[in-house]
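J.: Give me a 3D structure for the following:
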Amino acid sequence: MSPEEKVQCELALLALLNTMWIQQADPRHGAAQNAAMIAKLEPLCAKHANKNIETAFKLVKATVPTEPPTSGVKIKNFLGSALEAAKATSNKQFLCITLGVMCSKFFVGVVGTQADKAGRAAVFQAKRTRNLLWMSVTNGMLAENLELQGQHGEAEAAKEEARRLGMLAFPESS
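T.: Here you go, the predicted structure:
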C-alpha cells in the first residue's frame, strides 16, 4: 500500500468513527446498528498501527450505545486504554476528550475527592487544548460537582467561566 493509500485508509476510518458519534443524534439510529458497525470496524481499528485510530476506536466503544449494552467495567477499560494511548502519543485532544468522557460517565453527581480531582484534571487538560467548547463543557461539569460539594462560590465562578467560553465558542448564538 502506498503512503497516499495508507493516509486515505486512515482518513476513511476516522470518518467512519466520527460518523458513529454523529449518528447518535438521530433517534431512529439504534444501538443494534452501532454494535454491528463496531463489529465491522474492530478488525480494522482495534490493533491499528496508528495509535490515534486505535484511541478513537476505544472512545467510540466507550461512548456509543450498543445492544447488548457495554458493561461499566468494559467502559472503564476502554477509557483507561484510550487515556494511556493518548498519553503515549502526546495527543492533547484525545487526552481532553477521554478525561471529559470519564468525568461525564463516572463522576457527574458524585461527591468526593476523586470526583473533584477528575473534574479539575479535565478542566486543566481542556485548557491545554485551547478548545473553547471543551473548556466550556469541562468547566460546566466541574461547576456541577462543586455545587454538590457545597462549594457554591467556586461553583458559580466555574459556571460563569463555562458560559463565557460557550459564548466565545458559539458567538452567533449569543
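J.: Please enumerate the helices of the protein.
T.: Under the criterion DSSP state H, the chain contains helices at 3-23, 31-45, 51-63, 72-88, 92-106, 113-129, 132-148, 152-169.
J.: Could you list the buried residues of the third one?
T.: Right, the one you point to is helix 51-63. Neighbour-count burial for helix 51-63 flags Asn52, Ile53, Glu54, Thr55, Ala56, Phe57, Lys58, Leu59, Val60, Lys61, Ala62, Thr63 (criterion: 16 or more other C-beta atoms under 10 Å). C-betas here are computed from N, CA, C, even on glycine.
J.: ditto for stretch 158-171
T.: In stretch 158-171, counting by 16+ other C-beta under 10 Å, buried: Ala158, Lys159, Glu161, Ala162, Leu165, Gly166.
J.: Quick check: of these, which lies closest to Trp134?
T.: Sorting the buried residues of stretch 158-171 by how near they are to Trp134, with C-beta to C-beta, puts Leu165 at the top with 9.0 Å.
J.: check contacts around the nearest residue to that closest one once chain neighbours are set aside.
T.: What sits nearest to Leu165 in space, not counting adjacent residues and going by C-beta to C-beta, 6 or more residues apart in numbering, is Ser136, at 3.8 Å. Counting by C-beta atoms under 8 Å, 6 or more residues apart in numbering, Ser136 touches Glu161, Ala162, Arg163, Leu165, Gly166, Ala169.
J.: Distance of Ser136 relative to Leu142?
T.: Using C-beta to C-beta, to the nearest Å, we find Ser136 at a distance of 11 Å from Leu142.
J.: Kindly indicate which of the contacts of Ser136 lies nearest Thr70.
T.: Ranked by distance to Thr70 (C-beta to C-beta), those are led by Ala162 at 28.5 Å.
J.: on that earlier part again, could you export the helices of the chain as JSON lines, including mean pLDDT?
T.: As requested, those are arranged in JSON lines below (pLDDT from 0 to 100):
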{"stretch": "helix 3-23", "mean pLDDT": "94"}
{"stretch": "helix 31-45", "mean pLDDT": "96"}
{"stretch": "helix 51-63", "mean pLDDT": "96"}
{"stretch": "helix 72-88", "mean pLDDT": "95"}
{"stretch": "helix 92-106", "mean pLDDT": "94"}
{"stretch": "helix 113-129", "mean pLDDT": "94"}
{"stretch": "helix 132-148", "mean pLDDT": "95"}
{"stretch": "helix 152-169", "mean pLDDT": "96"}
